[in-house]
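Enquirer: The amino acid sequence is not available; the structure is as follows:
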């Protein structure tokens, strides 16, 4: 992708201070976009990124997604990257745990999409970060997380129809990139055995896919698996 392809475009990346979010910010800035970074707490990390502005808020607070969009001004691209992960056995996962996953992984990006659609520039696009596990059945050790991502996948497809032709809406379903906080010591050894390419997904691969979706004007309602083939073991999107 040539540099400057997004010159003059304004992008908001939620959860953009660290991990995959930070790579997304750098990639879109390198492509010439003005990038606005949202974060909840990692302001020091965000300050090291090539961002035009840093906005902080808890996206699960009432009215926070709408205020965030209002504070950015008119946008061209929204990247819903902020998310959380709770890993608990089904029998001990509480309703509050499940609600917490839905609040940040589904209801917040849903509200952001709706607020973005009401104010964005013409020929805008939305990119939602999902998970390759949406291709298969919910796992009993991450029920709340997976149903929240599956709900966002369905919302991605619904929004693509609802907002066409004015706004394109797509999703990216990554495989194993970076171990979840607190599980780094496991080195994802068990997970990588289920990846046909037998390696982690590079964060840059996800960012380059996002850049492709942001610039290809013929793609909407599509969920791209960037997972080393891991979804093949799940039987596909509706497996």
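Expert: That came through, no problem. In this text the structure is predicted, and so the values were computed from the model without any measurement.

Enquirer: any idea which helix or strand comes after the helix or strand where residue 114 lies?
Expert: For residue 114, the element it lies in under DSSP states H and E is helix 108-119. Next helix or strand after helix 108-119 toward the C-terminus (DSSP H and E): strand 124-129.

Enquirer: In the protein, which strand is the longest?
Expert: In the chain, with assignment by DSSP state E, the single longest strand is strand 167-174.

Enquirer: chain center to the helix or strand just after that strand: distance?
Expert: Per DSSP H and E, the first helix or strand lying C-terminal to strand 167-174 is helix 189-192. Relative to its chain's centre, helix 189-192 lies at 22 Å (Cα atoms, centre = their mean, to the nearest Å).

Enquirer: The helix or strand following helix 189-192 relative to strand 167-174, how many degrees between them?
Expert: For helix 189-192, the following helix or strand on the C-terminal side (DSSP H and E) is helix 203-215. Interaxial angle, helix 203-215 versus strand 167-174 (axes from the mean of the first three to the mean of the last three Cα atoms, to 10 degrees): 160 degrees.

Enquirer: How about the contacts made by the nearest residue to residue 116 once chain neighbours are set aside?
Expert: Of all residues not flanking residue 116 in the chain, residue 78 sits nearest, at 4.6 Å (Cβ to Cβ, 6 or more residues apart in numbering). C-beta: built from backbone N, CA, C; applies to glycine. Neighbouring residues of residue 78 by Cβ atoms under 8 Å, 6 or more residues apart in numbering: 11-12, 112-113, 116, 120, 124-127.

Enquirer: For the longest helix seen in the chain, buried residues please.
Expert: Using DSSP state H to define each element, the chain has its longest helix at helix 143-163. For helix 143-163, the neighbour count (16 or more other Cβ atoms under 10 Å) marks 143-153, 155-157, 159-160, 163 as buried.

Enquirer: repeat for stretch 196-210
Expert: Buried residues in stretch 196-210 (16+ other Cβ under 10 Å): 200-201, 203, 205-207, 209-210.

Enquirer: I'd like the mean pLDDT over it, please.
Expert: Averaging pLDDT along stretch 196-210 gives 94.

Enquirer: How is the residue located most distally from the centre of the chain assigned, secondary-structure-wise?
Expert: Residue farthest from the centre of the chain, counting by Cα atoms, centre = their mean, is residue 91 at 28.0 Å. Here residue 91 is recorded as coil under DSSP: H, G, I helix; E, B strand; the rest coil.

Enquirer: just for the chain, where's the confidence low?
Expert: Within the chain, the ranges that satisfy pLDDT under 70 run 1-3, 137-138, 179-189, 235-239.

Enquirer: center of it, which residue is that?
Expert: residue 129 (2.3 Å).

Enquirer: Bridged to that residue, which residues?
Expert: Residue 129 forms beta bridges with residue 172, as assigned by DSSP bridges.

Enquirer: tell me the contacts of it?
Expert: 20, 79-81, 83, 171-172, 174, 206.

Enquirer: rewinding a little: can you list contacts of the longest strand of the chain?
Expert: Contacts of strand 167-174 (Cβ under 8 Å, 6+ apart): 20, 113, 116-117, 120, 124-132, 134-135, 152-153, 156-157, 159-160, 163, 201, 206, 209-210, 213, 217, 219-227, 231.

Enquirer: now the angle from that strand to strand 124-129?
Expert: 20 degrees.

Enquirer: and strand 167-174, how far from the chain's centre?
Expert: 8 Å.

Enquirer: again, but for stretch 216-229
Expert: 13 Å.
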